[in-house]
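Enquirer: need coordinates for the below:
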Amino acid sequence: MVYYFTSNVVSPSAFLYVGKDKFENEDLINFGLDSDVWVGFFHVDNLSSAHVYVRLRDGETWDNIPQPLLEDCAQLTKANSIEGNKKDNITIIYTPWFNLYKDGSMATGQVSFHNPKLVRKILVRERENPIVNRLNKTRVEKFPDLRAEKEDFMKKKRNDERKTRDQQREKDKLEKREREQLKWQKDHAYDDMFSAENMEASNNQDRDEDFLDDFM
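Expert: Numbers count the residues shown, from 1 in each chain. From the prediction side, this is the model:
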């Protein structure tokens, strides 16, 4: 089971989701999307880490998430940890999903990072009940097929990338034709001026013997 939440502190609203337990967390680690950002507890706090994910909206990147949305994520992370919910002044970290690292030696639900430089911190001084209560009112329980969602996402991504490549190729072809046409026009700009007909028209040999009278 996965719990979905709606954060309306931003417009359009953002979607957050949390695995029910460490096994759902494992699936979220394996089948997250490139547009997801993982939020959890800082390792040295030695607390059982709730895994909260926020799905980025169009034009948003993991390092420019609005502060109110980050606060929602952090409060939801704290509230969904049995130990962390009881403590103040805890450190929450977040990183893009693609930076999550997992190998066979790790426990179920445990996660590390490929690049520590892509990890940022948030200090949560205490639980903010108004934030947690607001989010809990939007909670929806679902049993998604995360693998199928991932496959659909990747299929759409490949189709979009192929469409973008096709459009770029067509643009390149059009620009090439335009360059070739301009070059041809430049190379042949004086062709008419030196055509046989114009050359003959300007030839004095075939003119009337009185043509000079025009200049007198």
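
Enquirer: give me the sheet partners of the strand or helix carrying residue 121 and which way each runs.
Expert: If you go by DSSP states H and E, residue 121 is part of strand 120-124. Applying DSSP bridges, strand 120-124 is found paired with strand 90-96 (antiparallel).

Enquirer: can you dump the C-alpha atoms of the strand it pairs with in CSV for me?
Expert: Extracted in CSV, the C-alpha atoms of strand 90-96 (Å, rounded to 0.1, in the frame of the first residue of the first chain):
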residue,chain,number,x,y,z
ILE,A,90,16.1,16.6,13.5
THR,A,91,17.8,16.7,10.2
ILE,A,92,15.9,15.8,7.0
ILE,A,93,17.7,15.2,3.7
TYR,A,94,16.5,15.1,0.2
THR,A,95,18.0,14.0,-3.2
PRO,A,96,16.7,13.2,-6.6
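
Enquirer: returning to what we had before: how about the strand holding residue 121, which residues are buried there?
Expert: Within strand 120-124, the residues scored as buried using 16 or more other C-beta atoms under 10 Å are 122, 124. Placement of C-beta: from N, CA and C, glycine included.

Enquirer: immediately after that strand, which helix or strand?
Expert: Counting by DSSP H and E, what follows strand 120-124 is helix 129-136.

Enquirer: now tell me what touches the strand holding residue 121 from outside.
Expert: Identification of contacts with strand 120-124 by C-beta atoms under 8 Å, 6 or more residues apart in numbering yields 42, 63, 70-71, 74-75, 77-78, 89-95.

Enquirer: can you say which of the residues you listed are buried?
Expert: 42, 70-71, 74-75, 77-78, 90, 92-95.

Enquirer: of the residues you listed, closest to residue 57?
Expert: residue 70 (13.6 Å; C-beta to C-beta).

Enquirer: host element of the closest one?
Expert: Here residue 70 is assigned to helix 67-79, by DSSP H and E.

Enquirer: cool, residue 17 as well?
Expert: Assigned by DSSP H and E, residue 17 falls in strand 14-19.

Enquirer: quick revisit: what is the most widely separated pair among the buried ones among the contacts of strand 120-124?
Expert: Farthest pair in these, by C-beta to C-beta: 75 and 95, 18.2 Å.

Enquirer: if we can go back for a sec, just the closest of the contacts of strand 120-124 to residue 21, please.
Expert: For the contacts of strand 120-124, the nearest to residue 21 is residue 77 (15.0 Å; C-beta to C-beta).

Enquirer: which pLDDT value does the model give the closest one?
Expert: With respect to pLDDT, residue 77 scores 90.

Enquirer: residue 90 is in contact with that one, correct?
Expert: No - the pair residue 77 / residue 90 is not scored as a contact, 9.0 Å apart, by C-beta atoms under 8 Å.

Enquirer: output the strand holding residue 121 as PDB, nothing but the C-alphas.
Expert: Provided in PDB are the C-alpha atoms of strand 120-124 (Å, rounded to 0.1, in the frame of the first residue of the first chain):
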ATOM      1  CA  ARG A 120      20.600  18.600   0.700                       C
ATOM      2  CA  LYS A 121      19.600  19.100   4.300                       C
ATOM      3  CA  ILE A 122      16.600  20.600   6.100                       C
ATOM      4  CA  LEU A 123      16.400  21.200   9.800                       C
ATOM      5  CA  VAL A 124      13.100  20.400  11.400                       C
END
